[in-house]
Each structure stands twice: as structure tokens, then as C-alpha cells.
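My questions concern the predicted model and sequence given below.
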Amino acid sequence: MTIAEWCIFASVMLYLLTIVPAKWIKVDGAGRYDNARPRDPAFYAGGIRERALGAHQNGIEAFPFFAVAVLLAEFRGAPQNLINELSVLFVIVRVAYVLTYIGDRPSLRSILWAIGFLITVAIFFLPLLRNYLPV
């Protein structure tokens with residue numbers, strides 16, 4: 001497996017692990033997590049739990065394009081070292097994105113989202129540039 005393919009796995013784990021701590025956090029008046037009602041909107045209303053849920057949902061939204069971009073770039077013969085480097089950078093940016101989302105830093109979060117999206121776009125278009133890039 002390539003480093004980029006491991007980054008696909010890492011991005012799945014990141015969005016899964018983003019929501020798990022929110023279920024264990026004790027918030028005054030918000031109640032405990034009820035596994036019989038895992039999608040209860042009242043549990044996630046307000047504060048850190050709501051932000052963790054938002055980061056989790058955004059991870060689910062960002063994942064398909066990233067995974068397809070990586071696989072397309074690999075299947076179409078783009079330089080593997082560039083795919084790997086951009087994929088690692090994507091995961092780093094997504095970790096920072098999650099931390100800023102949970103930490104309630106909306107402006108920085110939006111900047112990081114845009115950077116992550118641009119990285120994915122770059123990976124997607126690497127096959128078009130393969131004749132001009134070093135191997």
C-alpha cells in the first residue's frame with residue numbers, strides 16, 4: 001500500500017475519532033450519551049458536542065472527494081511521491097481543521113477547509129500534469 005492509501009484510511013479514522021470523545025464529555029445539563037438514541041439532536045445541542053458533530057459530519061463530506069482524487073491520481077500514473085506528499089499534507093490540514101472546529105475558531109477553520117479542498121483538487125488534477133512533473 002502507498003502512503004497516500006494509508007492517508008485515505010487515516011482520514012476515515014479521523015472523522016470517526018472526532019465524534020467519539022464528544023460522547024464521553026460530561027457537559028452540565030446536557031445528559032449522558034444514550035446508545036439507544038445515537039442521533040438524538042438534543043444530546044449534541046450547543047457547545048463542544050455540537051462542534052464535534054459538525055467536524056465529524058464535515059469529515060464524512062470531505063472523504064469521498066479525497067479518496068477518489070487519490071485513487072484516480074494513482075490509477076492514471078501521476079507521480080506517486082507528489083500524491084503521497086499532498087495526501088499527508090491533507091491529513092495534517094484535516095487534523096488542524098478538526099482542532100479549530102472543536103476549539104471554536106471559525107475563521108481559521110474556514111481557511112483550513114479551503115486549503116484542504118485545494119489540496120484535494122491538486123491531487124485530482126495531478127494526472128493532467130504527469131508529463132510535466134518529475135517522477
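Structure's in. What do you need? The model shown is predicted, which means the values in this text are computed figures rather than measured ones.

How far away from the center of its chain is the helix or strand hosting residue 63?
Per DSSP states H and E, residue 63 falls inside helix 47-75. Mean C-alpha position of helix 47-75 versus that of the full chain (CA atoms, centre = their mean, to the nearest Å) differs by 4 Å.

what packs against it?
helix 3-24, helix 80-102, helix 106-129 (3 or more CB pairs under 8 Å, 6 or more residues apart in numbering; DSSP states H and E). C-beta: built from backbone N, CA, C; applies to glycine.

What's the mean pLDDT across stretch 10-24?
Mean per-residue pLDDT for stretch 10-24: 90.

tell me which residues in it are buried?
10, 11, 14, 15, 18, 19, 22, 23 (16 or more other CB atoms under 10 Å).

can you put the residues you listed in JSON lines and add distance to residue 53?
Output for the buried residues of stretch 10-24, formatted as JSON lines (distance: CB to CB, whole Å):
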{"residue": "10", "distance to residue 53": "20"}
{"residue": "11", "distance to residue 53": "18"}
{"residue": "14", "distance to residue 53": "14"}
{"residue": "15", "distance to residue 53": "11"}
{"residue": "18", "distance to residue 53": "9"}
{"residue": "19", "distance to residue 53": "6"}
{"residue": "22", "distance to residue 53": "7"}
{"residue": "23", "distance to residue 53": "10"}
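
worst average pLDDT in the helices and strands packed on helix 47-75?
helix 3-24 (a mean of 92).

what helices or strands is that one leaning on?
By 3+ CB pairs under 8 Å, 6+ apart, helix 3-24 packs against helix 47-75, helix 80-102.

so the helix holding residue 63 versus helix 3-24, what angle?
Note on geometry: by axes from the mean of the first three to the mean of the last three CA atoms, to 10 degrees, helix 47-75 and helix 3-24 are set 170 degrees apart in direction.

What lies in contact with stretch 48-60?
11, 14-16, 18-19, 21-22, 25, 27, 30, 43-44, 94, 97-98, 101-102, 104, 113 (CB atoms under 8 Å, 6 or more residues apart in numbering).

likewise stretch 122-132?
With CB under 8 Å, 6+ apart, stretch 122-132 has contacts from 65-66, 68-70, 72-73, 76-79, 82-83, 86-87, 90, 133.

Many thanks, I have nothing further to ask.
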